[in-house]
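Trainee: Here's my sequence, what's the structure:
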Amino acid sequence: MAGITIESVTKRYGALAAVNDLSLEIADREFVTLLGPSGCGKTTLLRLLAGFAVPDEGTIRVDGAILSTKTGVVPPERRGMGMVFQNYAVWPHKTVYANVAFGLEIRRLPRAETLARMARILELVNLSGLEERYPNQLSGGQQQRVAIARALVNRPEILLADEPTGALDSHNSAEILGIFQRLNRTQGITIVMVTHSDEIAAYADRIIGFRDGRIVSDAPVAHTEKLGVPAMALSTTMELPL
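Mentor: I've put the predicted structure just below:
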């Protein structure tokens, strides 16, 4: 279970309240986008959820367990969350396989389990056959899929994504967003994604509008079948377990 509860959270930078007395419930297995212009507080909220920032006021919980208060936070590596950034954040000196497998190596999983999990993950994000390539041999979309695979390899219950398609063209953006939809619908991963684009936001099931550190709108969106998502993005390895 991975429901998120944000209660009266404020985060200040000097005199500026980047997040201002904000409360929000995100249900288990929900795909939510935080939508708004630059500087509205959406990325700050994502950093608070990830444990990269400490709230000045309020509480963040996941399934009732307190993760963040002004007196301390559970560190990011202990939150059961994966994080995807706009700039890919892949290691240029490591192959696709080594980039994705790094988290498994840290945990010292048995080799057979590592190989099996890696095969499933790489198939899930359409990277099978590219294991030995380096980032400079990949397209931007492929590099972002490496970053997604690395975020998923330790089986997080929550995936956080900060403008994950901001550096991609429309085709690669649609493929990445289709992967997110598949992860949400077939793997049950709760997804919170930041964007400034109405079009990108519509791939989620619910859009939270931000302005000046506050929520100004909260509305569901149409189901995937009505959004014109490429069939390839939704059909490939639909039932593949992590």
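
Trainee: C-alpha only now, for contacts and for neighbours.
Mentor: Will do.

Trainee: all strands in the chain, in order from the N-terminus.
Mentor: According to DSSP state E, the chain carries its strands in the segments 4-13, 16-26, 31-35, 57-62, 65-69, 72-73, 81-84, 158-162, 190-195, 206-211, 214-220.

Trainee: From the contact counts, what lies against the second one?
Mentor: So that's strand 16-26. Here strand 16-26 touches strand 4-13, helix 42-50, strand 214-220, going by 3 or more C-alpha pairs under 8 Å, 6 or more residues apart in numbering; DSSP states H and E.

Trainee: and the first one, which strands flank it?
Mentor: Strand 4-13 has the following sheet partners, assigned by DSSP bridges: strand 16-26 (antiparallel), strand 57-62 (antiparallel).

Trainee: how far away is H93 from Q144?
Mentor: According to C-alpha to C-alpha, to the nearest Å, H93 stands 16 Å off from Q144.

Trainee: These two - which one has more neighbours?
Mentor: Ranked by neighbour count (other C-alpha atoms under 10 Å), H93 and Q144 place Q144 first, with 28 against 11.

Trainee: top helix in this protein by residue count?
Mentor: In the chain, assigned by DSSP state H, the helix with the most residues is helix 170-187.

Trainee: picking up where we left off before, reformat the strands paired with strand 4-13 as JSON lines; add mean neighbour count.
Mentor: JSON lines is the format used below for the strands paired with strand 4-13 (neighbours: other C-alpha atoms under 10 Å):
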{"stretch": "strand 16-26", "mean neighbour count": "17"}
{"stretch": "strand 57-62", "mean neighbour count": "20"}
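
Trainee: what's the spatially most central residue of the chain in contact with, if anything?
Mentor: Closest to where the C-alpha atoms of the chain average out (C-alpha atoms, centre = their mean) is L160, at 2.6 Å. Neighbouring residues of L160 by C-alpha atoms under 8 Å, 6 or more residues apart in numbering: 46, 50, 81-84, 191-193.

Trainee: Would you mind giving those residues as CSV with pLDDT, neighbour count and distance to P156 added?
Mentor: Shown next, in CSV, are the contacts of L160 (pLDDT from 0 to 100; neighbours: other C-alpha atoms under 10 Å; distance: C-alpha to C-alpha, whole Å):
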residue, pLDDT, neighbour count, distance to P156
L46, 96, 20, 16
A50, 96, 26, 12
M81, 95, 23, 5
G82, 94, 24, 6
M83, 93, 22, 10
V84, 93, 23, 12
I191, 97, 26, 10
V192, 97, 23, 13
M193, 97, 25, 15
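
Trainee: Sweet, I'm off.
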